[in-house]
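Novice: give me coordinates for this.
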Amino acid sequence: MGRRKASRKRGKDGPNWLKRWWQDGDPQQRKVVALWLGKFLIVIGIIAVAGVGLKYLEGYVKDVNRQRQVQLSVELAHTPAWAGPELIEQVCLSTGVKSDDFLLNDDLVKQWAAHLSDNPWVKEIHHIQKRYDGRIVIDCELRRPIAMVRQHNRNVFVDSQGMVLPEMEVYGHLVQLQGELSRLPEPGHIVSSKSVKAGLDVLNLIRQVDEQLPGKERLWSQLFVMDVSNYEGRVDKSRPHLRLYTKNQTEIRWGAALGRERPYYEAPPKSKLASLYRAFKQTGSLDHYQYVELRDLRKERSDPLRRG
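Specialist: Below you'll find the model as predicted:
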């Protein structure tokens, strides 16, 4: 005899269980489910309509801006007091912003930032903001020069970190670097010379202290030349390694590079700075002395006010 197929029981998992539950279930449960289902469908509908509306609004705004043809302009959020108008204009132009760029193009900010980072005058970019009146506002930090070098019949600037900068109009006093500068790199590169870096470190230390003092106690403007030619005593071991000169050729004997005082039995940087400013405060000018000695550790001989 043939075996009859076992009938498959259609339980809760069968295809019609939802229909049977709806027909035979508790009316109160059906009411609650219907209420929540209705709310869910309403929310889904609102989200869908909002999405379509936002998409339409975005397209409308883009079309309006295309028709308006907003002319773009570039400005710096913060302009350093030492930066001249030529430098500010050059930095703004280096963004590559075109007056007819489409303001709502999301890739433009990245492109502008990439162009700006190639400018040696730009130290760090904090933020670039697009405003719908057409202004592009750049928040960035510029490199402030501390020294000047005459190279190939032109002047180049150097900041405290050794970045070589093309000549631009800047306000404030710069010290001229002298010594073995033939290997100074082109603008946009950092110097590798240890002697130049040693001179820049001393200049940066003096300027930082100077800017914290009242105007009448500042001596930065009296410093005219930083000579690094005898760095580590490579020319004459008996002479100061680093020397500063005023405009009237008064020699300021700084000595060893920062951190290199102990091998040469020299006073630490703080003592050298104190002696330098004491000499200036005594007469109001460093040119009242034949030279200013800052190296000697012995108190009875460390007074830089000797004039002979």
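Novice: could I get the full set of helices for the stretch 201-308 of the chain?
Specialist: Using DSSP state H, counting those that start in this stretch, the helices of the stretch 201-308 of the chain run over 269-283.
Novice: now the strands for it?
Specialist: Taking DSSP state E, counting those that start in this stretch to define them, one finds strands in the stretch 201-308 of the chain at 223-227, 242-246, 251-255, 291-293.
Novice: again with the stretch 1-150 of the chain
Specialist: Per DSSP E, counting those that start in this stretch, the stretch 1-150 of the chain carries strands over the ranges 73-76, 122-130, 135-142, 145-151.
Novice: could those be laid out in TSV, adding mean neighbour count and distance to Gln90?
Specialist: The way it works is simple: take the backbone N, C-alpha and C, and place the C-beta from them, glycine included. Converted to TSV, those look like this (neighbours: other C-beta atoms under 10 Å; distance: least, C-beta to C-beta, whole Å):
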stretch	mean neighbour count	distance to Gln90
strand 73-76	16	11
strand 122-130	15	10
strand 135-142	17	11
strand 145-151	19	14
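Novice: contacting residues for the spatially most central residue of the chain?
Specialist: Taking C-alpha atoms, centre = their mean, the centroid of the chain lies closest to Glu124, which sits 2.2 Å from it. Counting by C-beta atoms under 8 Å, 6 or more residues apart in numbering, Glu124 makes contact with Cys140, Glu141.
Novice: for Gly38, see how far away it is.
Specialist: Here Glu124 is placed at a distance of 56 Å from Gly38 (C-beta to C-beta, to the nearest Å).
Novice: likewise Val170?
Specialist: Using C-beta to C-beta, we find Val170 at a distance of 71 Å from Gly38.
Novice: next one: Glu266
Specialist: When C-beta to C-beta is the yardstick, Glu266 and Gly38 sit 88 Å from each other.
Novice: okay, now the closest residue to Ser229 other than its chain neighbours: neighbour count?
Specialist: What sits nearest to Ser229 in space, not counting adjacent residues and going by C-beta to C-beta, 6 or more residues apart in numbering, is Gly179, at 3.8 Å. The burial metric for Gly179, expressed as a neighbour count using other C-beta atoms under 10 Å, is 21.
Novice: surely Gly179 and Gly199 touch.
Specialist: Yes - with contact defined as C-beta atoms under 8 Å, Gly179 reaches Gly199; the gap is 7.3 Å.
Novice: quick check: neighbours shared by those two?
Specialist: Listed as contacting both Gly179 and Gly199 by C-beta under 8 Å, 6+ apart are Asp227, Val228, Tyr231.
Novice: contacts only, for the closest residue to the second one other than its chain neighbours.
Specialist: It refers to Val228. What sits nearest to Val228 in space, not counting adjacent residues and going by C-beta to C-beta, 6+ apart, is Gly179, at 3.7 Å. Contact criterion C-beta under 8 Å, 6+ apart gives Ser195, Val196, Gly199, Asp227, Val228, Ser229, Asn230, Tyr231 as the residues in contact with Gly179.
Novice: can we see that at 6 Å?
Specialist: Counting by C-beta atoms under 6 Å, 6 or more residues apart in numbering, Gly179 touches Ser195, Asp227, Val228, Ser229.
Novice: what's the most distant pair in those residues?
Specialist: For the contacts of Gly179, the farthest-apart pair by C-beta to C-beta is Ser195 and Asp227; their separation is 9.8 Å.
Novice: from Ile47, how far out is Leu41?
Specialist: Using C-beta to C-beta, one gets 11 Å for the distance from Leu41 to Ile47.
Novice: meant to ask about Trp82
Specialist: In this structure, Trp82 lies at 54 Å from Ile47, with C-beta to C-beta as the measure.
Novice: for the two, work out which one has more neighbours and name it.
Specialist: Neighbour tally, Trp82 and Ile47, criterion other C-beta under 10 Å: the higher count belongs to Trp82, 14 against 10.
Novice: that one contacts Tyr171, correct?
Specialist: Yes - contact criterion C-beta atoms under 6 Å: Trp82 and Tyr171 qualify, at 4.9 Å.
Novice: quick one, which of Glu266 and Gly38 is more surrounded?
Specialist: Glu266 (21 against 10).
Novice: can you read off the pLDDT for that one?
Specialist: Per-residue confidence at Glu266 stands at 95 (pLDDT).
Novice: hmm, Asp296 and it touching each other?
Specialist: No - applying C-beta under 6 Å as the test, Glu266 and Asp296 come out as separate, 7.8 Å apart.
Novice: need the residues that contact stretch 188-195.
Specialist: Stretch 188-195 is contacted by residues Pro120, Gly162, Met163, Val164, Gly179, Val228, Tyr231 when judged by C-beta under 6 Å, 6+ apart.
Novice: least confident pick among those?
Specialist: The lowest pLDDT within the contacts of stretch 188-195 belongs to Gly179, with 87.
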